[in-house]
Structure formats: C-alpha cells, structure tokens
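>>> Attaching a predicted model along with its sequence, questions to come.
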Amino acid sequence: MDKRVTTKPVKDIEEVPYRALGSLLNYEQPGKYIVKSTDYNDAFTIPVLTAGKSFILGYTDETDGIYTASKQEPVIIFDDFTTSFHWVEFPFKVKSSAMKILKPNKDVIFSFRFLYHAMKSIKYSPQEHSRQWIQTYSNFRVPFPSYEKQVRIAEKLDAFTILKAELEAELEARASQFTYYREYLFDIDSNSSKIGNVCTSIYSGGTPKSTRSEYYGGQIPWLRTQEVNYTDIEETDVYITDLGFKNSSTKWVPPNSVIVAMYGATAARVAINKIALTTNQACCNLIVDAKKASYRFVFHWLSSEYERLKALSEGAQPNLNIKKIKDYPIPLPSLAIQNEIVDKLDRFYRLTNDFKVGLPAEIAARQKQYEYYRDKLLTFKEKAA
C-alpha cells in the first residue's frame, strides 16, 4: 500500500491591481456642517455624529448646514486623529472639525460599499496625536478586483452586518428596560449626601501638547471624554509617553474610579476605569471611599442622573466643573443595601453590556465572523503594474 501523504492542490491567490484610497475617494472638510449648540434632545430629528465609538452623540433641532447623505449618495465620516470611521446614509450634522467626509471619486467606477469593507481590513493605529488622512491614510492601498467581483464581495459581507444590526436593535430594547428598572431601584427612602462626601479625592487631568509628537505613542493610557460612555474602560484610543506625562498636568487615576465627562457632547456621561490610566482635563475623576460607598453604586446613580446633571452645565457648549459634581446629591443607604442594588443592576447590566454573555456575546461572535470572512474575501496578490 502506498503510504505517501497526498494533499489537495492549494488554489492560487488571484492577482488584482491595488489602488490608493486617495485615488478613489475625495474628502470634504466638515466646517459648515458643525453643530453650533450641543443642547441635544431625543425629541429632535437631526443626528449629530462623531467618527469615534459613540457615533451618534445626540439629536439637534438646527436646520442650517445639514449634510444630506442618503442611501443613493452615502458618505463615510472619518476621524482624522484616530482613523475610526462610519458609513452614513442619512442627513446629519457633525461635532467637530476633527473629521473628514469621504465621498467616491466619480471619475472611477467601483463599489463604494466594497471600498468601505476594504478600509475596515486596514490594520493601522496612529502613534501620534495628529491628522492622518492626507499624509498617511489616503496612501494606503487596497485590492481592486473587477467591479462585478467587488459587488459580490460587498453583498456577502453586508449579510453579516445586517444580522449584527438586528441583534444591536434588540440590545437597544434591552437597554431601555434596564433604564426603567434602574429608576425603580433608586426610588428608595434613605439619607442623602453629596458626591464629594463619598470620595477620598476628586481631580481632573491634562493634555500633553498635540504638536509634540514625542509626547504620544507611548505606553501610558490617556482617556478623552469621547470615550466616556457608560462602560468599563479597559483600554484607551490614545497612549502617551513618559515625557508627555511629565510635561502635562495629567495624573494617574487608580482602577475602579468613576470618571465623569465635564465638557462638550459627552458632558455628564460616566464610566469606570478597570485599568490605571491618565485623562485629559475634561474628565472629573472620582476616587470613591470604599468605607462610605460602592464605586459601582456611585456609577449607577450618576448614570441614572445624566439628564439632571447635564442640566447644570453652563455656556454654549455643555460645561460642568468639579464643584458642581462634588456638590451633586446622592442617596446613601447602608453599604449592605447599596450592594444589593448594585448586584441587581450589575446582573441586568451584564446582559446588555457584557461581551461575554447574552446578546453582547452574540454580537461579538458575529463581528468576529464578519472579520474572518472579510479577510478571506479580500485576500489578493497585488498585480504588477
């Protein structure tokens, strides 16, 4: 018997041309589309977008300077500092100038949706706090198969994103249930105190000069307010160097602190840091005294008080300050009752936020599946010019 091992022939990887993103996309500065007021309200109809993780910051009633994207003429909004981006096919306004609006180059025939998926396959993290599109990101090259193949690949990958979107809609409904349950649990008869009375210290951070590249790209996690969004923070978008730390007023924040955003679109939102990190000056960092309060009780309480806390902000941009947060009231039942409330809320919270269980775990699994097939479908050899 012939015991030699035989293998199936490996299919050759197709060779296709590659094109630089800058040759396929035109960009527009967002100047005239920037929202003037950040007095957002869910009763308004025009979404205010950021290219960061939060995407829709809120809704405005401003009717001037609306970018009229649509299903027929979608765009990609691109964060010029972090290189995160989103597909948009509805009218919108934007939060800041730190964004590019990317549109297809009409002189080239290609699938814009295919290009969006191809951009998602690019593995790149900026190592400095500077604008990235013109000098760096636009020069990245992506595979450019035939138009017909681009369409087929985009359709296959979109099937994964549709399923994920359906799961995310269900998760949003669960989040609404959680909000109702949280308000019910906080309807308690107890002594009242102030946030400042249940903390050992409260302080903000600082920002290394953005013009000094040697201050960025290090090993020190540095949190910005746009990342404060009712989550446990285990990593940050930006890291600074020891030199950047020493040459700014930022400070270390110990794990399990409650972080409150003070300025801008995310003002009054809260988060918990699960790692030691530093923050910018727009973060109010609460170091909770474990003898007086559970840090998660403080987190859940301030989360439930978002609208009322935000209403204390001043100026055209929503701005809080450390004194307002220190003086904000908090119910203070016994630690035993606090822990009972926290236990109930945490169990519900995990079902809507923990990526190890329930719907979040299913969404994470679909995302991994999407990424696997995306990388497979976009694997081509570059054809010699």
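On my side now, so go ahead. Numbers count the residues shown, from 1 in each chain.

>>> all strands for the stretch 251-385 of the chain, in order.
If DSSP state E, counting those that start in this stretch is used as the criterion, the strands of the stretch 251-385 of the chain fall at 257-261, 270-273, 278-279, 283-288, 329-331, 381-382.

>>> ok, now the stretch 101-250 of the chain?
Applying DSSP E, counting those that start in this stretch to the stretch 101-250 of the chain gives strands spanning 141-143, 192-194, 199-203, 216-223, 232-233, 238-240.

>>> Tabulate the strands of the stretch 251-385 of the chain (CSV), appending mean pLDDT, mean neighbour count and distance to Lys156.
Bear in mind the C-beta positions are built from the backbone N, C-alpha and C, glycine included. Output for these, formatted as CSV (pLDDT from 0 to 100; neighbours: other CB atoms under 10 Å; distance: least, CB to CB, whole Å):
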stretch, mean pLDDT, mean neighbour count, distance to Lys156
strand 257-261, 97, 27, 39
strand 270-273, 96, 23, 36
strand 278-279, 98, 27, 41
strand 283-288, 98, 24, 42
strand 329-331, 95, 16, 51
strand 381-382, 92, 12, 20
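
>>> closest to Lys291 out of the strands of the stretch 101-250 of the chain?
Lys291 lies closest to strand 199-203 among the strands of the stretch 101-250 of the chain, at 9.3 Å (CB to CB).

>>> what sits against Asp80?
Ala98, Met99, Lys100, Arg131, Gln132, Trp133 (CB atoms under 8 Å, 6 or more residues apart in numbering).

>>> just to revisit the earlier point, so which of the strands of the stretch 251-385 of the chain is nearest Asp237?
Per CB to CB, nearest to Asp237 of the strands of the stretch 251-385 of the chain: strand 278-279, 12.3 Å.

>>> Could you check how far the spatially most central residue of the chain is from Ser249?
For the chain, the residue sitting closest to the mean C-alpha position, by CA atoms, centre = their mean, is Lys53 at 1.5 Å. Using CB to CB, to the nearest Å, Lys53 is found at 25 Å from Ser249.

>>> ok so, going back, could I get the strands of the stretch 101-250 of the chain as JSON lines with mean pLDDT?
Output for the strands of the stretch 101-250 of the chain, formatted as JSON lines (pLDDT from 0 to 100):
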{"stretch": "strand 141-143", "mean pLDDT": "96"}
{"stretch": "strand 192-194", "mean pLDDT": "93"}
{"stretch": "strand 199-203", "mean pLDDT": "98"}
{"stretch": "strand 216-223", "mean pLDDT": "96"}
{"stretch": "strand 232-233", "mean pLDDT": "94"}
{"stretch": "strand 238-240", "mean pLDDT": "95"}
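
>>> TSV please, covering the ones you listed and showing distance to Glu168 and mean neighbour count.
Below are these laid out as TSV (distance: least, CB to CB, whole Å; neighbours: other CB atoms under 10 Å):
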stretch	distance to Glu168	mean neighbour count
strand 141-143	26	19
strand 192-194	37	12
strand 199-203	35	16
strand 216-223	25	20
strand 232-233	19	18
strand 238-240	26	22
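
>>> Dump the ones you listed into CSV; add distance to Phe85 as well.
As requested, the strands of the stretch 101-250 of the chain are exported to CSV (distance: least, CB to CB, whole Å):
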stretch, distance to Phe85
strand 141-143, 14
strand 192-194, 42
strand 199-203, 34
strand 216-223, 20
strand 232-233, 22
strand 238-240, 17
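
>>> Quick one: closest of those strands to Leu21.
strand 141-143 (6.5 Å).

>>> partner strands of that closest one, parallel or antiparallel?
strand 18-20 (antiparallel) (DSSP bridges).

>>> Give the rounded mean pLDDT of the strand it pairs with.
Averaging pLDDT along strand 18-20 yields 97.

>>> Give the buried residues for that strand.
Across strand 18-20, burial judged by 16 or more other CB atoms under 10 Å covers Arg19.

>>> from the chain's centre, how far out does that strand sit?
How far strand 18-20 lies from its chain's middle: 28 Å, per CA atoms, centre = their mean, to the nearest Å.

>>> Give me the contact list for it.
Contacts of strand 18-20 (CB under 8 Å, 6+ apart): Val108, Ser138, Asn139, Phe140, Arg141, Val142, Pro143, Phe144, Glu382, Lys383.

>>> Return the residues in contact with Thr60.
So Thr60 contacts Val35, Ser37, Thr38, Asp39, Tyr40, Asn41, Phe44, Ile46, Pro47, Val48, Lys93 (CB under 8 Å, 6+ apart).

>>> let's see 10 Å
35-41, 44-48, 66, 92-93 (CB atoms under 10 Å, 6 or more residues apart in numbering).

>>> quick one on the thing from earlier: Val16: which of the strands of the stretch 101-250 of the chain is closest?
strand 141-143 (5.2 Å).

>>> burial of Ala336, as a residue count?
Residues lying near Ala336 (other CB atoms under 10 Å) number 7.

>>> Show me the helices in the stretch 1-150 of the chain, by range?
In the stretch 1-150 of the chain, the helices defined using DSSP state H, counting those that start in this stretch lie at 21-24, 112-120, 147-185.

>>> need the contacts of Asp80 in TSV with neighbour count, pLDDT and distance to Tyr306, can you?
Below are the contacts of Asp80 laid out as TSV (neighbours: other CB atoms under 10 Å; pLDDT from 0 to 100; distance: CB to CB, whole Å):
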residue	neighbour count	pLDDT	distance to Tyr306
Ala98	17	88	24
Met99	25	91	25
Lys100	26	95	30
Arg131	17	86	32
Gln132	18	90	32
Trp133	21	92	33
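
>>> Could you single out the nearest of the residues you listed to Ser313?
Ser313 lies nearest to Ala98 out of those, by CB to CB, at 21.4 Å.
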